[in-house]
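# using only what follows, build the 3D model:
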Amino acid sequence: MITVQRLLDSKKKGFWTIAPDVTAYEALQIMADQDVGALLVVSERKLLGIFTERDYSRKVVLKGRSSKETRVRELMTTSVLCVSPYDTTETCMEIMNTKHVRHLPVLDDDKLVGLVSIRDVVTMLIYEKESTIKELKEYISS
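Just a heads-up that it's a prediction; the model follows:
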C-alpha cells in the first residue's frame, strides 16, 4: 500500500498557506496563480483551517458578499480533517469519500508537512492498481 509520504514525495507541487486576515479576493488570486483549489490557513505555524473554492462559492458568491472586503477567517472551514504521512492512500480515499472533502492536510506530530487532493489520491491509486496488474500479468506469463 502506498503511504501519504510516498504520495507527497511524488508530487511536483508543494502546498500554499495564507493568513486568516487575507481577503477572499487575495486568496483567490493566489489560488489562480498557483493553479490550486485550496489554501491552508495558518497563523504562527498553526493550522487554523482551510479555504477552498467550495468555501468561496457557497459563502461569498451565493450570499452576495464582496470578495474584496470579506476576510478568509470568515469563510474558511475550521473543522479540518487531517492525515499523517504514515496513513495510506486508501485511508485518504475513505475519508474523502465518506466526509465529502477534496483536500486533506498532512500533519506529522502537529507539524504541517503537506496537502493531498483527491486528484493526488486517485492518481496514486490508479498507479498502484496498474502496477499490480502488470506484476500479475508478468507472473502469469512466466
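
# for this structure, which segments are assigned as helices?
4-10, 24-34, 53-56, 89-99, 118-141 (DSSP state H).

# show me the contacts for the residue nearest the centre of the chain.
Nearest to the mean C-alpha position of the chain, by Cα atoms, centre = their mean, lies His103 at 2.8 Å. Listed by Cβ atoms under 8 Å, 6 or more residues apart in numbering, the contact set of His103 reads 37-38, 50, 52, 115-118. Bear in mind the C-beta positions are built from the backbone N, C-alpha and C, glycine included.

# what's the spacing between it and Val83?
As judged by Cβ to Cβ, to the nearest Å, His103 and Val83 stand 11 Å apart.

# which residues are in contact with stretch 26-33?
Stretch 26-33 is contacted from outside by 16, 18, 37-39, 51, 53, 56, 67, 72, using Cβ under 8 Å, 6+ apart.

# which of the contacts of His103 are buried?
Among the contacts of His103, those classed as buried by 16 or more other Cβ atoms under 10 Å are 38, 50, 52, 115-118.

# okay, now the closest residue to Leu47 other than its chain neighbours: neighbour count?
Sequence neighbours aside, Leu112 is the residue nearest to Leu47 in space, at 5.4 Å (criterion: Cβ to Cβ, 6 or more residues apart in numbering). Leu112 has 17 neighbours, counted by other Cβ atoms under 10 Å.

# which residues touch Leu48?
Taking Cβ under 8 Å, 6+ apart as the contact definition, Leu48 lies against 20, 41-42, 73, 76, 78.

# try it again at 6 Å.
20, 41 (Cβ atoms under 6 Å, 6 or more residues apart in numbering).

# so what's the residue count around Leu7?
Leu7: 24 neighbours (other Cβ under 10 Å).
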